[in-house]
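1. Quick one, structure for this:
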Amino acid sequence: QVQLVESGGGLVQAGGSLRLTCAASGGTFSRYAAGWFRQAPGLEQEFVATIHWSGAYTYYADSVKGRFTISRDNAKNTVYLQMNDLKPEDTAVYHCAAGTLFTSERNKYSYWGQGTQVTVSS
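-> This is a model prediction of the structure:
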């Protein structure tokens with residue numbers, strides 16, 4: 001059983017940056033793919049980025065490509081999401097997830113964190 005805890009959210013002006021952290025415990029996190037998903041008020045949860053368990057492969061939603069970077073440190077059981085050039089439409093609750101497959105499909109992830117709020121003001 002893997003427990004995930006996100007941190008690093010907050011309020012930032014458009015054009016600013018934030019780095020989200022997802023700390024894992026309780027399992028062999030280094031063997032799981034990790035993903036970030038987000039959900040804005042009134043909208044469905046959407047895929048943001050994912051990283052292979054090895055860190056060698058990443059995949060991004062078109063809406064964040066070139067602005068966001070996902071990375072991981074398996075020695076620290078941690079995944080990061082560096083978010084640059086933030087836009088008001090990036091405002092959402094961001095959730096970290098872990099699963100056995102390197103995929104953008106949310107239903108393939110077995111473990112989820114509680115989320116961290118990101119608010120981008122214009």
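
2. Mind listing what's buried along stretch 42-59?
-> For stretch 42-59, burial by neighbour count (16 or more other C-beta atoms under 10 Å) applies to 47-51, 53, 59. Placement of C-beta: from N, CA and C, glycine included.

3. I'd assumed Ile70 was in contact with Leu81.
-> Yes. With contact defined as C-beta atoms under 8 Å, Leu81 counts as touching Ile70 (5.5 Å).

4. on that earlier part again, and the buried residues of stretch 42-59, which is closest to Val118?
-> Val48 (10.5 Å; C-beta to C-beta).

5. Surely the closest one forms part of a helix?
-> No. Counting by DSSP: H, G, I helix; E, B strand; the rest coil, Val48 is located in no helix; its state is strand.

6. wait, isn't it in contact with Thr58?
-> No. Judged on C-beta under 8 Å, Val48 makes no contact with Thr58 at a distance of 11.2 Å.

7. What's the separation between the residue nearest to Asp85 when sequence neighbours are not counted and Tyr109?
-> Closest residue to Asp85 apart from its sequence neighbours, by C-beta to C-beta, 6 or more residues apart in numbering: Arg67 at 4.8 Å. Going from Arg67 to Tyr109 by C-beta to C-beta, to the nearest Å gives 23 Å.

8. Look at these two and report which has more neighbours.
-> Tyr109 (22 against 15; other C-beta atoms under 10 Å).

9. need the contact list for that one.
-> Counting by C-beta atoms under 8 Å, 6 or more residues apart in numbering, Tyr109 touches 35, 97-99.

10. quick check, nearest of these to Leu4?
-> Among those, Ala98 lies closest to Leu4 (C-beta to C-beta), at 6.3 Å.

11. Tell me who's in contact with the closest one.
-> If a contact means C-beta under 8 Å, 6+ apart, then Ala98 has 2, 4, 24, 29, 32-35, 109-111 as its contacts.

12. pretty sure it is in a helix, no?
-> No. According to three-state DSSP, the state of Ala98 is strand, so it is not within a helix.
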